[in-house]
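Undergrad: Requesting a structural model of the entry that follows:
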Amino acid sequence: MHYTHAILRIPASTCGDGLTTAVLGKPDAQLTRLQFNAYVSVLSDLGLTVTVLPASPAFPDGHFVEDTAVVMPELAIITNPGAPSRAGETASMEPELARFKSIAHLSSGHMDGGDVLMIDKRFFVGLSNRTDLAGIAAFKALVEPLGYQVDVIEVNGGLHLKSLVNYVGRNTLLLDKNSARHRAFADYEHLIVSQEEEYAGNTLWINDTLITPEGYGHTLQQLQQLGLNIITTPPSEIKKMDGGLTCLSLRF
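TA: Residues are numbered from 1 along each chain as shown. Below is the predicted model:
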């Protein structure tokens with residue numbers, strides 16, 4: 001898939017009140033915005049048309065827009081986030097996506113977009129604390145008639161599937177050791193992220209450029225083997241709220 005657009009949301013001053021399993025302390029709201037702005041600049045420099053939505057203080061996790069939808073060439077599927085405090089985030093995202101895509105909705109269950117990895121005509125969907133079997137079944141009902149295959153991956157570490165498993169081009173996945181054993185990933189080459197650098201597993205592929213969090217030297221060396229353009233960006237405040245580079249945008 002070649003990306004031309006991205007939708008993002010400015011982190012609110014309340015971003016430190018969101019949900020997290022990390023024990024890294026509260027993020028600094030000002031530094032969070034600075035790191036967010038650096039991320040926006042990277043996407044813009046790569047030639048994407050970037051839409052930046054205003055902050056939504058009522059939703060401290062609202063800048064993690066990826067969880068609100070799954071965007072594919074044929075349509076955008078509005079999800080039903082698994083955390084009750086995030087349920088209202090989809091309402092403001094739907095009209096933005098409707099400017100570009102036909103809209104569909106899950107008929108039942110819960111799903112976070114961070115659990116959905118699309119590679120060509122194949123979806124890998126994480127069964128996690130935020131995405132349940134009913135949500136996956138509703139998702140399948142929408143995408144399988146369009147010719148997509150859906151593989152369900154039980155998430156045993158990290159918040160979402162894409163916390164630890166991401167496509168980095170050249171038929172290659174960047175993933176942790178446990179995920180690499182899953183037979184659904186057998187058709188791909190693997191770059192294994194060490195336990196010490198698992199956060200770097202959330203690396204974002206944009207049209208043969210990789211955006212990866214800075215400070216993870218071993219993972220960076222592995223990614224350099226692919227021969228792609230690589231951009232590093234600071235993630236410290238985003239990391240404090242279980243966020244990653246894929247979480248911050250909807251790309252299509």
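Undergrad: now the strands for the stretch 51-200 of the chain?
TA: 69-71, 76-78, 103-105, 116-119, 122-127, 149-154, 165-167, 172-176, 189-193 (DSSP state E, counting those that start in this stretch).
Undergrad: quick one: contacts of the helix or strand that comes right after the last one?
TA: The reference is to strand 189-193. Later in the chain than strand 189-193, the nearest helix or strand by DSSP states H and E is strand 204-206. Residues from elsewhere that reach strand 204-206 (C-beta atoms under 8 Å, 6 or more residues apart in numbering): 3, 43, 46, 48, 166-169, 210-212, 245-246, 251. Placement of C-beta: from N, CA and C, glycine included.
Undergrad: In helices only, show me those.
TA: If you go by DSSP state H, the contacts of strand 204-206 have Leu43 in helices.
Undergrad: Need the contacts of strand 204-206 in a markdown table (columns: neighbour count).
TA: Below are the contacts of strand 204-206 laid out as a markdown table (neighbours: other C-beta atoms under 10 Å):
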| residue | neighbour count |
| --- | --- |
| Tyr3 | 17 |
| Leu43 | 23 |
| Leu46 | 17 |
| Leu48 | 19 |
| Asn166 | 26 |
| Tyr167 | 21 |
| Val168 | 24 |
| Gly169 | 16 |
| Leu210 | 22 |
| Ile211 | 22 |
| Thr212 | 24 |
| Leu245 | 24 |
| Thr246 | 22 |
| Arg251 | 20 |
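Undergrad: Now flag whichever of the contacts of strand 204-206 is closest to Asp61.
TA: Of all the contacts of strand 204-206, Thr246 has the smallest distance to Asp61: 14.5 Å, by C-beta to C-beta.
Undergrad: Which residues are in contact with the closest one?
TA: Contacts of Thr246 (C-beta under 8 Å, 6+ apart): 66, 114, 162, 166, 202, 204.
Undergrad: Can you tell me the closest non-neighbouring residue to the second one?
TA: Spatial nearest neighbour of Gly114, chain neighbours left out: His160 (3.4 Å); criterion: C-beta to C-beta, 6 or more residues apart in numbering.
Undergrad: how many neighbours does Ala141 have?
TA: Using other C-beta atoms under 10 Å, Ala141 has 13 other residues around it.
Undergrad: how about it, what does it touch?
TA: Taking C-beta under 8 Å, 6+ apart, one finds Ser107 in contact with Ala141.
Undergrad: Could you check how far it is from Thr212?
TA: For Ala141, the distance to Thr212 (C-beta to C-beta, to the nearest Å) stands at 35 Å.
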